[in-house]
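Enquirer: Quick one, what's the 3D model for this:
(chains A and B)
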Amino acid sequence: AQSVTQLGSHVSVSEGALVLLRCNYSSSVPPYLFWYVQYPNQGLQLLLKYTTGATLVKGINGFEAEFKKSETSFHLTKPSAHMSDAAEYFCAVSAGGTSYGKLTFGQGTILTVHP
Amino acid sequence: ETGVTQTPRHLVMGMTNKKSLKCEQHLGHNAMYWYKQSAKKPLELMFVYNFKEQTENNSVPSRFSPECPNSSHLFLHLHTLQPEDSALYLCASSQDRGQSYNQETQYFGPGTRLLVL
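Expert: Model (predicted):
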């Protein structure tokens, strides 16, 4: 079984400040990890993903995430927040095997950016 | 049209109605998914289709009935729903490349917001 925990359902930062959204996962096999973003009234859009190889993954819009196996974490960061980053962010895990692309999502973190 | 489209975008229905949600992907993908997004709950996978065959049913009640006539289209037929079924229903698709399918990005549609009265 696999699971995802996102610490903090709401995160608020000032424009220009560091963004840190936390994600911890549980998986019995090496995981594939994803971050998606959802803007109001839209579907989910992939920000970045980790499959194999380099543990620091860069995504769109200046976001990056680091896979830390020892901490079972995949936290999302951005050095400088922009007003357009305000959205809901979802961490997800896919554990491979015969689960046919079964993504397990965290409960989401709403990011608010203040001027 | 590009990407994944869903119709209708909004739907209000009574508990005795029958309605259908439609999803179409223009990405040439082989796998399609239905998710339910309820307030204050994580996204829940409902069904997975791979090359038109259902490969996952996540213990979904029978009042939800999926149909996948081809790799580009996915339907969710609804009948005798309950108010707790009110949610955003998201469709997604991904390429199935054999052993690497779990690494594949899922592309989501904008969703259908369903209200059951």
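Enquirer: ok and the residue in chain B nearest chain A?
Expert: Residue nearest to chain A within chain B: B:Phe108 (3.4 Å; CB to the nearest CB). (Each C-beta comes from the backbone N, C-alpha and C, glycine too.)
Enquirer: and the residue lying closest to that residue once chain neighbours are set aside, what does it touch?
Expert: Nearest residue to B:Phe108, sequence neighbours excluded (CB to CB, 6 or more residues apart in numbering or on different chains): A:Gly43, at 3.4 Å. By CB atoms under 8 Å, 6 or more residues apart in numbering or on different chains, the contact set of A:Gly43 is B:Val4, B:Gln6, B:Leu90, B:Ala92, B:Phe108, B:Gly109, B:Pro110, B:Gly111.
Enquirer: And these, which two are furthest apart?
Expert: B:Ala92 and B:Pro110 (11.2 Å; CB to CB).
Enquirer: Looking at the two, which is more packed in?
Expert: Neighbour tally, B:Ala92 and B:Pro110, criterion other CB atoms under 10 Å in any protein chain shown: the higher count belongs to B:Ala92, 26 against 20.
Enquirer: Skip the chain neighbours and tell me the closest residue to A:Ala17.
Expert: A:Ala81 (5.4 Å).
Enquirer: where does that neighbour fall, phi/psi-wise?
Expert: When read as degrees, to the nearest 10, the backbone of A:Ala81 gives phi -70, psi 150.
Enquirer: residue nearest the centroid of chain B?
Expert: B:Trp34 (2.5 Å; CA atoms, centre = their mean).
Enquirer: I misspoke; the intended subject was chain A.
Expert: Centre-nearest of chain A using CA atoms, centre = their mean is A:Trp35, 3.3 Å out.
Enquirer: looking at this, it is in a helix?
Expert: No: under DSSP: H, G, I helix; E, B strand; the rest coil, A:Trp35 sits outside any helix and is assigned strand.
Enquirer: Contacts only, for it.
Expert: Contacts of A:Trp35 by CB under 8 Å, 6+ apart are A:21, A:23, A:46-49, A:59, A:63, A:65, A:74, A:76, A:89-92.
Enquirer: make it 10 Å
Expert: Shown in contact with A:Trp35 (CB atoms under 10 Å, 6 or more residues apart in numbering or on different chains): A:21, A:23, A:44, A:46-50, A:57, A:59, A:63-65, A:74-76, A:89-92, A:106.
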